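S.K.: Provide a 3D model corresponding to the input given below.
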Amino acid sequence: MPVPPEYIQNAAQKALDVRKTLAPSRRAGTSVGIARARDLARGADISMNTISRMHSYLSRTEKAYKDAKASGKDIESSKQILATGLWGGPRALAWVRKQLNK
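M.R.: Purely as a prediction, here's the structure:
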């Protein structure tokens, strides 16, 4: 099983760290997204089933992430950017696609 690259581990850890500092009403992330971030941040082996779910989430939310960034928001001011970070950040999409194409 593949291990996420360091940039994905770092993005997930940053999202977890930022999430802790926010008021509960400003936090993003479902229990699944938080669990995913914990696995990614610690560099756990990632199953192909999980990689497929990551692809589904990141593909589905890619436009919303880009729209939030284009409007000048960041990880602290956008729940979408924070949630994407929990799933490894925007760069994780290319990595999961590569894993699925192997």
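
S.K.: Spatially central residue for this structure, please.
M.R.: By Cα atoms, centre = their mean, the chain has its centre lying nearest to residue 87, at 1.9 Å.

S.K.: wait, isn't that one in contact with residue 38?
M.R.: No: in terms of Cβ atoms under 8 Å, residue 87 does not count as a neighbour of residue 38; the distance is 11.7 Å. Every C-beta, even on glycine, is put in place using the N, C-alpha and C of the backbone.

S.K.: For these two, list the residues in contact with both.
M.R.: By the contact definition Cβ atoms under 8 Å, 6 or more residues apart in numbering, residue 87 and residue 38 are jointly contacted by residue 12.

S.K.: Could you tell me how far the residue nearest to the centre of the chain is located from residue 39?
M.R.: Distance of residue 87 to residue 39, computed by Cβ to Cβ, to the nearest Å: 11 Å.

S.K.: again, but for residue 14
M.R.: Applying Cβ to Cβ, the value for residue 14 to residue 39 is 15 Å.

S.K.: Show me where the protein dips below the pLDDT cut-off.
M.R.: Low-confidence segments of the chain (pLDDT under 70): none present.

S.K.: Have a look at it and report its longest helix.
M.R.: helix 48-70 (DSSP state H).

S.K.: what packs against the next helix or strand after it?
M.R.: Proceeding C-terminally, helix 48-70 gives way to helix 79-86 as the next helix or strand, assigned by DSSP states H and E. Counting contacts by 3 or more Cβ pairs under 8 Å, 6 or more residues apart in numbering; DSSP states H and E, helix 79-86 packs against helix 6-21, helix 31-41, helix 48-70.
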